[in-house]
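Visitor: when you get a sec, could you give me coordinates for this:
(chains A, B and C)
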Amino acid sequence: MIALVDCNNFYVSCERVFNPALEGRPVGVLSNNDGCIVARSNELKALGVEMGTAMHLLPPFIRRQAILLSSNYALYGDMSRRVTEALTEFSPDVEIYSIDESFVGFQGFDPTTLEAYGQHLRETVRQWTGIPVSVGFAPTRVLAKLANHAAKKHPGYRDKGVCKLETDSPATQILLKQLPVTGLWGIARRTGERLRLMGIETAWQLREADPKQIRRHFSVVQERIVWELRGQPSIQLDDMSQPKQQIMVSRSFGRLTNSPQDLREALRQHATRAGEKLRKQGSVTSTVMVFVHTNSFRTDLPQYRNRTVVSLERPSDDSRDLINAAVQGLRQLWRKGYAYHKVGVMLLDLSPKANRQLTLTETSQTEAEARRSERLMDTVDRLNRELGRGTVQLGLSRAGNAWALRSEHRTPRYTTRWDELVKVRM
DNA sequence: TCTGGGGTCCTAGGACCC
DNA sequence: TCTGGGGTCCTAGGACCC
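Guide: Numbers count the residues shown, from 1 in each chain, chains lettered A, B, ... in the order given. Coordinates of the predicted model:
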């Protein structure tokens, strides 16, 4: 058996841990730039607010009664780490799947005791971190997702917050027959539409479908879902401890801008952040992709989106190389007459730094330069880690720039910034 | 005025090689 | 008039996830 442990309304729950006055109230957490709603308390869901609702489309009567907070990722990231730590007390086999979900392996545990064990896990996580979680047990990941969903929503399970499903048990069959196929993990709107044309509308109908036929019509991804529904584990989770294969950093601007300087500064910032991520996982990159685009919602304005790829002379993890490449790419992309909304950088072709190939022409002088680069980046990373992100920057940016994020309702970073904690208490 | 950010996997199709 | 076939690698784009 495997369990999916999922934090309930995670970002909202994090905020509530530090501000109990938010309990029982309709609370939402906003995306970057306070643009749309990315997390909702049950009370806000009950008001009919959908995930991803744009702030400016939120009906006034909801805006009046809801408490809407800017997102505080430093806080959520740190709370997530604490939840994971608590989970490792219950099984050595914890796979972090996202900031608020982990699969926990319980192979070899006595199946009859699992539900009680799940209860104990919930209580412990709640007590240690303040975060409420739901637990779904099943033989496969797709079914564990379903079990978790039932543990959150289904009348028969939600009071306990734990649900265990066996392959093809009556309870499992009932849930699958009630569930639209798009409620399954891995089946979204597009695939759902095509399945409907084949007469498959419920999760149970997909379970009954011929896996080979599903593969012919779709791909191996959907075929695996059928096998998983039948209780046969077929989905491997990529090992999250493996280094990423690509690294992306991008942000929408706080307001539209057509100033090349704004774009350049934002991009320098993104390239710097990408370099930090790259070094943290011990990789180097040889290809930097840059993209820009205008705001596609502003149909009244001329639209432009483009991207370009810049190859580095040799693989690098030095932020200065990344910045140079990114700025060079931007020079090719920038066009007059557009109101830009977003720039970003992607690092592709990542490889482990340890394998770095020395080129034939590499001399001892460039070797010395590489060592200097390494020492400089180490120092920059250490200072930023210890004193807070942005303490040391490569090049200065102006205050009040157009690309600065709007974040008007952010709560203090309670668990990672002493200065902000003190401010609260005074 | 205002609509997130970051990632993965898979397939199709073109280029290229022998 | 006739104009191979099969393998591999790469890229772009679709779909999905949280």
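Visitor: which residues are in contact with the longest helix along chain A?
Guide: Identified as the longest helix of chain A according to DSSP state H is helix A:364-387. Residues from elsewhere that reach helix A:364-387, judged by C-beta atoms under 8 Å, 6 or more residues apart in numbering: A:275-276, A:279-280, A:316-320, A:390-392, A:394. All C-beta atoms are positioned from the backbone trio N, CA, C, and that covers glycine.
Visitor: mark which of these are buried, thanks.
Guide: The neighbour-count test (16 or more other C-beta atoms under 10 Å) marks A:275, A:276, A:279, A:316, A:317, A:318, A:319, A:320, A:394 as buried among the contacts of helix A:364-387.
Visitor: show the contacting residues for the fourth one.
Guide: Taking C-beta under 8 Å, 6+ apart as the criterion, residue A:316 is in contact with A:284, A:285, A:286, A:322, A:373.
Visitor: likewise for the last one?
Guide: The contact partners of residue A:394, taken as C-beta under 8 Å, 6+ apart, are A:268, A:272, A:319, A:320, A:323, A:380.
Visitor: which of those residues sits closest to DNA strand B?
Guide: DNA strand B lies nearest to residue A:272 out of the contacts of residue A:394, by C-beta to the nearest atom of the strand, at 12.0 Å.
Visitor: so residue A:253, which state does it fall into?
Guide: strand (DSSP: H, G, I helix; E, B strand; the rest coil).
Visitor: that one touches residue A:266, doesn't it?
Guide: Yes. Counting by C-beta atoms under 8 Å, residue A:253 does reach residue A:266; the two are 6.9 Å apart.
Visitor: now the nearest residue to residue A:87 once chain neighbours are set aside, which residues is it bridged with?
Guide: Excluding the flanking residues, the one nearest residue A:87 by C-beta to C-beta, 6 or more residues apart in numbering is residue A:94, at 5.0 Å. Beta-bridge partners of residue A:94, counted by DSSP bridges, are residue A:104.
Visitor: next up, the contacts around residue A:94.
Guide: A:84, A:87, A:88, A:102, A:103, A:104, A:105.
Visitor: the same query, at a cut-off of 6 Å, please.
Guide: A:87, A:88, A:102, A:104 (C-beta atoms under 6 Å, 6 or more residues apart in numbering).
Visitor: picking that back up, turn the contacts of residue A:394 into TSV, columns for secondary structure, pLDDT and distance to DNA strand C.
Guide: TSV is the format used below for the contacts of residue A:394 (DSSP: H, G, I helix; E, B strand; the rest coil; pLDDT from 0 to 100; distance: C-beta to the nearest atom of the strand, whole Å):
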residue	secondary structure	pLDDT	distance to DNA strand C
A:268	helix	93	24
A:272	helix	93	23
A:319	helix	94	24
A:320	helix	94	24
A:323	helix	94	23
A:380	helix	86	29
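Visitor: now do the SS call for residue A:241.
Guide: coil.
Visitor: point me to the residue of the stretch 251-400 of chain A nearest DNA strand C.
Guide: For the stretch 251-400 of chain A, C-beta to the nearest atom of the strand, closest residue to DNA strand C: residue A:309, 7.2 Å.
Visitor: report pLDDT for residue A:342.
Guide: Residue A:342 is assigned 91 on the pLDDT scale.
Visitor: still on that earlier bit, could you turn the buried ones of the contacts of residue A:94 into a ChimeraX selection?
Guide: Remark: buried members of those, expressed as a ChimeraX selection using 16+ other C-beta under 10 Å:
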select /A:87,102,104
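Visitor: mind checking which of the contacts of residue A:94 land in strands?
Guide: In this view, the contacts of residue A:94 that belong to strands under DSSP state E are A:102, A:104.
Visitor: how about TSV for the contacts of residue A:94, with distance to DNA strand C added?
Guide: Formatted as TSV, the contacts of residue A:94 follow (distance: C-beta to the nearest atom of the strand, whole Å):
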residue	distance to DNA strand C
A:87	15
A:88	19
A:102	10
A:104	16
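Visitor: is stretch A:209-229 anywhere near DNA strand C?
Guide: No. Using C-beta under 7 Å from any atom of the strand, we find that stretch A:209-229 stays clear of DNA strand C, coming within 7.7 Å at best.
Visitor: just the buried residues of that stretch, please?
Guide: A:209, A:211, A:214, A:218, A:222, A:223, A:224, A:225, A:226, A:227, A:228, A:229.
Visitor: same question, stretch A:162-178
Guide: Neighbour count says stretch A:162-178 has A:162, A:163, A:164, A:165, A:166, A:171, A:172, A:175, A:176 buried, by 16+ other C-beta under 10 Å.
Visitor: dump the residue contacts of the second one.
Guide: Under the criterion of C-beta under 6 Å, 6+ apart, the neighbours of residue A:163 are A:136, A:147, A:150, A:151, A:157.
Visitor: hmm, 8 Å instead?
Guide: Residue A:163 neighbours (C-beta under 8 Å, 6+ apart): A:135, A:136, A:137, A:147, A:148, A:150, A:151, A:154, A:157.
Visitor: how about the first one, phi and psi?
Guide: Translated: residue A:135. The phi and psi values for residue A:135, taken as degrees, to the nearest 10, are phi -130, psi 120.
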